[in-house]
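[1] Structure for the following, please:
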Amino acid sequence: MSDDHQHATHPELIKRLKRADGHLRHVIEMIEASRPCADIAVQLQAVEKAVTAAKRTLIHDHIDHCLGHGGEDDLAEIRALAKLL
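    Below is the predicted model:
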């Protein structure tokens, strides 16, 4: 990762994603242990929310700090990123 793509939010994003990774590993263990599906679904929802929040933060940060030089390329990239939100 180059310095131009390191933003202030990245260390927090890394922490969030590592936490989500731990939760996902726990979900796998729950499935292997034949835990109730409702309990597994709740944990999967927590993982999904964590990853979605991290993605949204990353995209907003990218728009704020990496775009804005103007031109059609920025507009096309913003349109593409909006589809991911």
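
[2] Just the element for residue 8, please.
    In the assignment (DSSP states H and E), residue 8 maps to no helix and no strand.

[3] Where in this protein is the helix or strand with the lowest mean pLDDT?
    None of the helices or strands of the chain scores lower by mean pLDDT, DSSP states H and E than helix 72-82, at a mean of 76.

[4] same for that helix, what does it pack against?
    Helix 72-82 sits against helix 37-66, with contacts defined as 3 or more C-beta pairs under 8 Å, 6 or more residues apart in numbering; DSSP states H and E. The C-beta positions use only the backbone N, C-alpha and C, and glycine is treated the same way.

[5] What residues sit buried inside the helix it packs on?
    Neighbour counts over helix 37-66 (16 or more other C-beta atoms under 10 Å) mark 40, 43, 44, 46, 47, 50, 51, 54, 57, 58, 62 as buried.

[6] so can I have CSV of those showing distance to residue 32 and pLDDT?
    Listed next are the buried residues of helix 37-66 as CSV, based on distance: C-beta to C-beta, whole Å; pLDDT from 0 to 100:
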residue, distance to residue 32, pLDDT
40, 11, 97
43, 13, 95
44, 14, 95
46, 18, 93
47, 16, 94
50, 21, 92
51, 21, 94
54, 26, 93
57, 31, 90
58, 31, 88
62, 37, 81
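
[7] Now do the same for the residue of the chain positioned farthest from its centre: helix, strand or coil?
    Computed with C-alpha atoms, centre = their mean, the residue of the chain farthest from its C-alpha average is residue 34, at 28.0 Å. Following DSSP: H, G, I helix; E, B strand; the rest coil, the label given to residue 34 is coil.

[8] Angles on the backbone of it, please.
    phi 60, psi 40 (degrees, to the nearest 10).

[9] neighbours around residue 20, how many?
    Neighbour count for residue 20, taken as other C-beta atoms under 10 Å: 19.
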